[in-house]
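J.: got a predicted structure here, sequence first:
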Amino acid sequence: MKITRRMAERTALIALAIAAFAPTAHAQQRDARTIRELSDQWQRDVAAQNVDAIVALHTPDAVVMLSHAPLVTGSTAIRGAWTEMVKTPGLVLHWTPTKIEVASPTVATEYGTYTESYDTPQGKATDAGNYVTIWHKINGKWRVALDAPNTTAPLPLPASAAMAMDPSTMEMHAASGLTWGDLTGPGIPPGAKIAVLHGNPGGPGGFVLRLQFPDGYQIPVHWHPMGENVTVVSGSLAIGMGNAFDASALHTYSPGDFAYLPPRQSHYGQAHGATIVQVNGRGPFVINPGAPK
């Protein structure tokens, strides 16, 4: 009789536990479906260049952690970054959630993979990687609190391998004899000129080139896959680092001044007076508009 009573009590406890768990599991599944739908809509908003909807999907203090770039924090900075991103010519951005885990009624984690393609002067460029997104439920609505895409693009060739691609003959160029052509690229305003002094900027070896800007020329936010060494030859160039153009963050460089810009670091600038700068580095020299994803 006692054994029967104990078994009945255990069965009742198990039944109560199952009954208590069922609504929680159902709520987690419902929240996961909602987050997946929001993630899909986010991608459609990117394709439609609907920056307002993208910003509204984030919490006011959301953080975006882009690969090889400073943190983007808060609605204003996120708006600036996405405004530049959606303007990328030929942009096709898609991500696929691997898992959406609802840890509590107000916190969830989504992670998966992404692919990206866009147009460059050298043709179609691509990127791919992994991402983690942390969602918070605020006033009954799921919002992005943190977005952290991480590229899986291979690292540049070691210097020893790249050195083998450099020519072994001496080159000399008179400044008066340089051949200037129009600098073109996604989002690059007309008026800038380029002259190649050494190497092939589109290839994997070393190169030296000069860029010429008219007075007041504004260089939009962009980034390069490789680092670049910039020396002002004449005029004056103001350079700022970040994912959105901010005139207050510009630092002015005069003739003889030097600046190193790291790989995948978004930056922008403005010329004061007719300006020429010399850029050297290792190719390929690619101008990617906006900030790296």
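T.: That came through, no problem. Note that the coordinates shown come from a computational prediction; the quantities given were computed from them, not determined experimentally. Numbers count the residues shown, from 1 in each chain.

J.: and for Thr76, the neighbour number?
T.: Look at Thr76: counted by other C-beta atoms under 10 Å, it has 12 neighbours. (Glycine included, C-beta is placed from N, CA and C.)

J.: from Val63, how far out is Thr88?
T.: Computed with C-beta to C-beta, to the nearest Å, the distance linking Thr88 and Val63 is 22 Å.

J.: neighbour count winner among these two?
T.: Applying other C-beta under 10 Å to Thr88 and Val63 shows that Thr88 carries more neighbours, namely 23 against 18.

J.: run a quick neighbour tally on Pro89.
T.: For Pro89, using other C-beta under 10 Å, the count is 11.

J.: so who does it touch?
T.: Residues counted as contacts of Pro89 (C-beta atoms under 8 Å, 6 or more residues apart in numbering) are 118-119, 186-187, 289.

J.: and Val46, what are its phi and psi?
T.: phi -60, psi -50 (degrees, to the nearest 10).

J.: in which helix or strand does the nearest residue to it once chain neighbours are set aside reside?
T.: Nearest non-adjacent residue to Val46, counting by C-beta to C-beta, 6 or more residues apart in numbering: Leu93, 5.4 Å away. Using DSSP states H and E, Leu93 sits in strand 92-104.

J.: who does that strand pair up with?
T.: Counting by DSSP bridges, the strands paired with strand 92-104 are strand 107-120 (antiparallel).

J.: could you check how far the partner strand is from the centre of its chain?
T.: Taking the mean of its C-alpha atoms, strand 107-120 sits 11 Å from the chain's own mean (C-alpha atoms, centre = their mean, to the nearest Å).

J.: after that strand comes which helix or strand?
T.: strand 123-138.

J.: just checking, what packs against that next one?
T.: helix 2-47, strand 107-120, strand 141-151 (3 or more C-beta pairs under 8 Å, 6 or more residues apart in numbering; DSSP states H and E).

J.: out of the ones you listed, name the one with the poorest average pLDDT.
T.: Sorting the helices and strands packed on strand 123-138 by mean pLDDT places helix 2-47 lowest, at a mean of 75.
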